[in-house]
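Undergrad: Predicted structure and sequence below. I'll ask about it afterward.
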Amino acid sequence: MKKSDILFLLFVVALFLPFFVSDAIYEWYKSFNAAHGMVMSFIKFGILSTLGEMIGLRISTGVYYNRTFGIIPRIVVWGLLGMGINMAMIIFSKGTPMFLEYMGMEHASTLMNGDFCFAKFLVALAISVAMNSIFAPVFMTLHKITDTHIGNCGGSVKALVTPIPMTRIFTGLNWAVLWSFVFKKTIPLFWYPAHTITFLLPPDMRVLFAAFLGIVLGVLLAVAARKK
């Protein structure tokens with residue numbers, strides 16, 4: 001194990017250890033999360049998804065950070081994207097059961113507030129499929145655009161205030177990889193089941209679990225970056 005791997009591991013341990021050794025910190029987290037859900041979404045995704053991308057960079061290049069990576073702009077962008085993910089989770093977790101009821105499945109909404117059963121699993125699966133089929137492709141494309149923009153700005157914080165050349169970046173994306181791997185494989189094979197588990201969790205745990213999945217996303221993006 002390289003020195004950089006040890007330092008990265010120690011940083012991650014130091015980041016999460018207080019929540020396991022201090023009841024006061026954990027209780028503060030739960031109360032703040034309940035009162036300021038969107039703020040916590042920004043923080044959770046900003047930190048965890050950026051860590052995921054650092055792991056992905058380590059897989060693809062052998063280092064956790066380079067000159068064009070841009071930790072600060074990535075944290076900010078991921079924070080904003082995380083707020084969008086939280087919004088999407090609220091919309092689809094409420095709207096999909098209502099649609100299922102409209103289509104004839106009785107009590108779909110109340111099932112999500114009850115104990116685990118097969119019917120609840122089916123509703124959670126439907127929520128995940130709806131969200132990942134409708135929202136995820138747009139989200140993943142937007143993320144790739146902002147990721148490219150940060151790289152084009154050399155990882156500088158000026159990426160946050162420089163207008164994004166949407167047309168140039170959008171038309172220059174590797175759509176073959178986006179479709180054949182990111183959309184066609186990761187969405188049905190990973191994100192459908194992963195977010196089914198997400199929606200089976202208590203509401204106050206869903207965004208945190210989704211943010212942890214951002215670490216997995218960083219690894220998947222590293223795999224996608226290696227594909228030609």
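TA: Perfect, thanks for sending it.
Undergrad: Contacts only, for residue 21.
TA: Under the criterion of C-beta atoms under 8 Å, 6 or more residues apart in numbering, residue 21 has no neighbours. (Glycine included, C-beta is placed from N, CA and C.)
Undergrad: swap in residue 39?
TA: So residue 39 contacts residue 32 (C-beta under 8 Å, 6+ apart).
Undergrad: what about it, helix or strand, and which?
TA: In this structure, residue 39 sits in helix 37-61 according to DSSP states H and E.
Undergrad: Which secondary structure element of this protein has the lowest mean pLDDT?
TA: Of all regular secondary-structure elements in the chain, judged by mean pLDDT, DSSP states H and E, the least confident is helix 203-226 with a mean of 75.
Undergrad: got the angle between that one and helix 37-61?
TA: Between the axes of helix 203-226 and helix 37-61, defined by axes from the mean of the first three to the mean of the last three C-alpha atoms, to 10 degrees, the angle is 30 degrees.
Undergrad: and helix 203-226, how far from the chain's centre?
TA: On the basis of C-alpha atoms, centre = their mean, to the nearest Å, helix 203-226 sits 5 Å off its chain's mean C-alpha point.
Undergrad: which outside residues touch it?
TA: Residues from elsewhere that reach helix 203-226 (C-beta under 8 Å, 6+ apart): 30, 33-34, 37, 40-41, 44-45, 47-49, 51-57, 59-60, 78, 82, 85-86, 89, 93, 147, 177-178, 181-182, 186, 190, 194-195, 197-199, 201.
Undergrad: hmm, try it at 6 Å
TA: For helix 203-226, contacts defined as C-beta atoms under 6 Å, 6 or more residues apart in numbering pick out 41, 44-45, 48-49, 52-53, 55-56, 59-60, 86, 89, 177, 181-182, 186, 194, 198, 201.
Undergrad: neighbours of residue 196, just the number please.
TA: Using other C-beta atoms under 10 Å, the number of residues around residue 196 comes to 19.
Undergrad: which residues does it contact?
TA: Contacts of residue 196 were listed using C-beta under 6 Å, 6+ apart, and they are 124, 125, 128.
Undergrad: Make TSV out of those and add distance to residue 113, secondary structure and pLDDT.
TA: Converted to TSV, those look like this (distance: C-beta to C-beta, whole Å; DSSP: H, G, I helix; E, B strand; the rest coil; pLDDT from 0 to 100):
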residue	distance to residue 113	secondary structure	pLDDT
124	12	helix	97
125	17	helix	97
128	17	helix	97
